[in-house]
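**Student:** Requesting a structural model of the entry that follows:
(2 chains, ligands or ions: 2)
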Amino acid sequence: MLEIKDLNVGAEGRTIVRGVTLTLRNGELHLLMGPNGAGKSTLLKAIMGLSPYEIIKGIIIFNGEDVTNLKPYERAKRGLALAHQYPPKLKIRSGYLLKRLANKYGHSNDSLREIRELIKELGLSHLLNRELYRDFSGGEVKKFELLTLIVQKPKVALLDEPDSGIDLDSIRKLAYLISKLVEEGTSVLLVTHTGHIVKYLHKVNKLHVMTYGRLVYSGGVDVLPAILEKGYHEALGMRWDN
Amino acid sequence: MKWREELKEKAKRSLNKRPPYGPDVNLGVFLWDKGGKAYRNLSTLPQPILERAKVTGIDVKEERVGGTYFQLDFDVLRAKLAKDFKRAGVYLMSVEEALTEFEWARNYYWKALPVDTDKYTAITELKGSHGYFIYVPPKVKVSKPLQTCLFIHKDSVAQAIHNIVIVDEGGELNLLTACSALPVKALHIGITEFYVKRNAKLTFTMVHFWSPTLHVRPRAVALVEEGGYFLNYYIHMAPVKSLQTFPTAKLIGEGAQAYLTSILLASKDAYLDVGGGIEFKANNTKGEVISRSVIRDEANVILRGELVGSSTSKGHIDCKGLLLSERARGEAIPILKSSTGLAELTHEAALGKISHEELEYLMSKGFSEDEAISLVVRGFLETGLEKLPPNLRGYADRILDLISKYARG
Ligand SMILES: Nc1ncnc2c1ncn2[C@@H]1O[C@H](COP(=O)(O)OP(=O)(O)O)[C@@H](O)[C@H]1O
Ligand SMILES: [Mg+2]
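**Tutor:** Ligands and ions are numbered 1, 2, ... in the order given. A predicted model of the protein is given here:
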């Protein structure tokens, strides 16, 4: 579904992501972990086509099509979606954006009802008349970002730390929603900083670890407990250099 | 009519009285003559006038409205009310006609808004023509909106209109007003006095679609009695040379409420000075002054809001401007005045542009750059819609859609 080949991404004259190769098949869930500043968000934004990130080398293939040079909205239209780690504050009401997204991506009455249920379930109803992300708590931002992504009905979902800074009950709820996406056939690339979400996910196909812009590990999730206990370099036998 | 002559004397003494805000307009260069070509009814109006009336939401076929008042330049083309409402005692007619017909009408003439307020009120008394007079008797709820249209189609015309709207105790009215001009050099002065009596409810929706060479000076005051509710929802959607207005609601009875919302699109070299004031003169009164303006090209907008509290009351000002060009200018001036510790008055104001981050975010959600801009503009203007009665929301929705289209080019 999503194939990334030997990708180098730069910004402001600096190379941030180096030589990343990754294949995400239909309905797979991959974790992407790594220390702060490793380049995880940069990779996700580059896959989405956002500025100021520039593809220096490599290609991004989505559903068999080379999308490396497409505009972000053209990628989104094809079924690629990003839940931002730090979405900006907007001058429009949250409810208004949801309405426009729902129109854009087409929903049946049943599915609209489900979305309304979900808003209630996530405890977001009181935010609909507020400007998007203005005076939201950290958890509310994460929940709302995931909600917008669900309304987009993506084929591939890039989730940037949806589990950071939120309470355990919410993590469980988000994990449930993410697993549901996967079961419905969405492929997910999930960046997680703490890894706590993992035990609530129904299945994880693969774990990637990024340091200094490179994937230094791509394999089973069995190393996760060791990573959480000892840190990346000890668990994976790496040195902290560039 | 001695009382009228006294008013005119008073007006004469105020002909040089400049208002505190807005560029001065030389009243001497316009035509104030009555007469001119009159059309017998709406369907015989020239096509451009009909088309424009439709754009501003006028129901030309009068299917969804309970009555129509249409004034072209100086002439009243139509003042017609549905039979049901007539039978219920509702009046819709020219103010001059009302003054001749009912002696009590003069109790509402220049009473909320003094004739010597400024040169524009003064000249309207001296040289103005007509305006609508609407009266809703006690307990009568006018189930369909009434519509009024004030139109300028001749060059150099000064259309000075004096409107009076009275909703008597427990009555209800939704009033739509559309004001428009063909591309002519002209002046529009619209005086409106609103009387919202005990437990009455008035929703006033006004749409302005002027031309880039027009000066506009509306003057409006609402007196809201005990338990009364006044909603003023104003949309300004097309270029204008200059516009200065400062509608004011005076909450004189306990529990009275007023909500003044202005939705403004300022384009070309327009100069807009738009305010809204609420005076909280009785206990448990509530009110909000809200404005949203989209400013493009070289337009200049001053947003004023003023709350004056002298009782247990709650008021809020919320002025926001979205600047779409480098040369656009905006200024927000919220003023709070309290002469008692019992009034709770607050304000927020913000001027900004659509940030690159906002656009990128929306583009990542699947909107093209153009779509993202009009989405932000449209979303920005949504405020206050929820307060409109459901049967007017669709109407306002359509006009806001148009504005976000005009905002782009
Ligand atoms: N727009 C940018 N311009 C320059 N440097 C950037 C930009 N965005 C990110 N970086 C840098 O790239 C590195 C990776 O950042 P990021 O992708 O946010 O890391 P992570 O998400 O893994 O914590 C950091 O050193 C960061 O400062
Ligand atoms: Mg990050």
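**Student:** For residue 232, give me its contacts.
**Tutor:** This is for chain A. A:33, A:34, A:35, A:209, A:211, A:216, A:238 (Cβ atoms under 8 Å, 6 or more residues apart in numbering or on different chains). Where you see a C-beta, it was placed from the backbone N, CA and C, and this is true even at glycine.
**Student:** Not quite, go with chain B.
**Tutor:** For residue B:232, the contacting residues are B:204, B:206, B:220, B:222, B:247, B:249, B:258, B:259, B:260, B:261, B:276, by Cβ under 8 Å, 6+ apart.
**Student:** before we move on, what about residue B:150?
**Tutor:** By Cβ under 8 Å, 6+ apart, the residues touching residue B:150 are B:71, B:159, B:161, B:177, B:178, B:179, B:180, B:188, B:190.
**Student:** do the same with residue B:58
**Tutor:** Contacts of residue B:58 by Cβ under 8 Å, 6+ apart are B:68, B:147, B:149, B:176, B:178.
**Student:** Equivalent analysis for residue B:125, please.
**Tutor:** B:7, B:8, B:11, B:110, B:115, B:162.
**Student:** quick one: it and residue A:36, what's the gap?
**Tutor:** 72 Å (Cβ to Cβ, to the nearest Å).
**Student:** before we move on, what about residue B:310?
**Tutor:** From residue B:310 over to residue A:36 the distance is 56 Å, taken as Cβ to Cβ.
**Student:** okay, those two: which has more neighbours?
**Tutor:** Between residue B:310 and residue A:36, counted using other Cβ atoms under 10 Å in any protein chain shown, the more crowded position is residue B:310 (16 against 6).
**Student:** Among the contacts of residue B:125, which ones are in strands?
**Tutor:** Judged by DSSP state E, the contacts of residue B:125 include residue B:162 as members of strands.
**Student:** Which single one of the contacts of residue B:125 is nearest to residue B:44?
**Tutor:** residue B:162 (26.4 Å; Cβ to Cβ).
**Student:** Burial check on that closest one, number of neighbours?
**Tutor:** Neighbour count for residue B:162, taken as other Cβ under 10 Å: 26.
**Student:** Residue B:142 against residue B:136, yeah?
**Tutor:** Yes. Look at residue B:142 against residue B:136 with Cβ atoms under 8 Å: they come within range, at 5.8 Å.
**Student:** Show me whatever sits in contact with both of these two.
**Tutor:** Contacts common to residue B:142 and residue B:136, judged by Cβ under 8 Å, 6+ apart, are B:90, B:171, B:172, B:173.
**Student:** which residues pair with the third one across the strands?
**Tutor:** Same thing as residue B:172. Under DSSP bridges, the beta-bridge partners of residue B:172 are residue B:141, residue B:201.
**Student:** give me the element the residue of the stretch 201-350 of chain B at minimum distance from ligand 2 is part of.
**Tutor:** Relative to ligand 2, the nearest point of the stretch 201-350 of chain B is residue B:350 (28.9 Å; Cβ to the ion). According to DSSP states H and E, residue B:350 maps onto strand B:343-352.
**Student:** and that strand, which strands flank it?
**Tutor:** Strand B:343-352 has its sheet partners listed here by DSSP bridges as strand B:313-323 (parallel).
**Student:** Spatially nearest residue to residue A:140, not counting backbone neighbours?
**Tutor:** Nearest non-adjacent residue to residue A:140, counting by Cβ to Cβ, 6 or more residues apart in numbering or on different chains: residue A:127, 6.2 Å away.
**Student:** what's the neighbour count on the one you found?
**Tutor:** By other Cβ under 10 Å, the residues close to residue A:127 number 23.
**Student:** residue contacts, it?
**Tutor:** The contact partners of residue A:127, by Cβ under 8 Å, 6+ apart, come to A:94, A:136, A:140, A:144.
**Student:** and residue A:91, that's in a strand?
**Tutor:** No. With DSSP: H, G, I helix; E, B strand; the rest coil as the criterion, residue A:91 is coil rather than part of a strand.
**Student:** My understanding was that it contacts residue A:131; is that so?
**Tutor:** Yes. The pair residue A:91 / residue A:131 is scored as a contact, 6.3 Å apart, by Cβ under 8 Å.
**Student:** neighbours around residue B:110, how many?
**Tutor:** The local packing of residue B:110 (other Cβ under 10 Å) involves 20 other residues.
**Student:** ok, now how distant is it from residue B:8?
**Tutor:** Taken as Cβ to Cβ, the span from residue B:110 to residue B:8 is 11 Å.
**Student:** Ok, residue A:74 next?
**Tutor:** Residue A:74 is 68 Å from residue B:8, where distance means Cβ to Cβ.
**Student:** Over to residue A:200?
**Tutor:** Plainly put, residue A:200 is 81 Å away from residue B:8 if you go by Cβ to Cβ.
**Student:** interface residues of chain A facing ligand 1?
**Tutor:** Contact residues (Cβ under 6 Å from any ligand atom) of chain A with ligand 1: A:11-12, A:14, A:16, A:34, A:36-42, A:52.
**Student:** overlap between the residues you listed and the residues near ligand 2?
**Tutor:** residue A:41 (Cβ under 5 Å from the ion).
**Student:** which one of the contacts of residue A:232 is nearest ligand 2?
**Tutor:** residue A:34 (9.2 Å).
**Student:** Just among the contacts of residue A:127, which is most surrounded?
**Tutor:** Compared across these, residue A:94 has the highest neighbour count, 25 neighbours, by other Cβ under 10 Å.
**Student:** That one contacts residue A:128, doesn't it?
**Tutor:** Yes. Residue A:94 is within contact range of residue A:128, at 5.3 Å (criterion: Cβ under 8 Å).
**Student:** Can you report how many residues neighbour residue A:237?
**Tutor:** The number of residues packed near residue A:237 is 9, by other Cβ under 10 Å.
**Student:** re earlier: need the max-distance pair from the contacts of residue A:127.
**Tutor:** A:94 and A:140 (9.5 Å).
**Student:** Could you tell me which residues touch both of those two?
**Tutor:** With Cβ under 8 Å, 6+ apart, residue A:94 and residue A:140 have common neighbours A:124, A:127.
**Student:** who's more crowded, residue B:142 and residue B:136?
**Tutor:** Using other Cβ under 10 Å as the criterion, residue B:142 and residue B:136 rank with residue B:136 on top: 30 against 24.
**Student:** in the sheet, who's paired with the more buried one?
**Tutor:** With DSSP bridges as the criterion, residue B:136 is bridged to residue B:167.
**Student:** go on, residue B:285?
**Tutor:** Counting by DSSP bridges, the residues bridging with residue B:285 are residue B:313.
**Student:** quick one, what contacts it?
**Tutor:** Per Cβ under 8 Å, 6+ apart, neighbours of residue B:285: B:251, B:254, B:255, B:256, B:257, B:311, B:312, B:313, B:314.
**Student:** who's in contact with the closest residue in space to residue A:78 that isn't next to it in sequence?
**Tutor:** In space, and not counting its chain neighbours, residue A:78 is closest to residue A:62: 6.0 Å by Cβ to Cβ, 6+ apart. In this structure, residue A:62 makes contact with A:1, A:2, A:3, A:75, A:78, A:79, A:80, A:156, judged by Cβ under 8 Å, 6+ apart.
**Student:** Those residues into CSV, with extra columns for distance to residue A:192 and neighbour count?
**Tutor:** Formatted as CSV, the contacts of residue A:62 follow (distance: Cβ to Cβ, whole Å; neighbours: other Cβ atoms under 10 Å in any protein chain shown):
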residue, distance to residue A:192, neighbour count
A:1, 20, 19
A:2, 18, 23
A:3, 22, 16
A:75, 23, 25
A:78, 25, 16
A:79, 23, 20
A:80, 20, 28
A:156, 17, 22
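**Student:** Any idea how many residues pack against residue B:107?
**Tutor:** Residue B:107 has 10 neighbouring residues, counting by other Cβ under 10 Å.
**Student:** Now do the same for it: its pLDDT.
**Tutor:** pLDDT for residue B:107: 97.
**Student:** before we move on, what about the one 3 residues further on?
**Tutor:** For residue B:110, the model assigns a pLDDT of 98.
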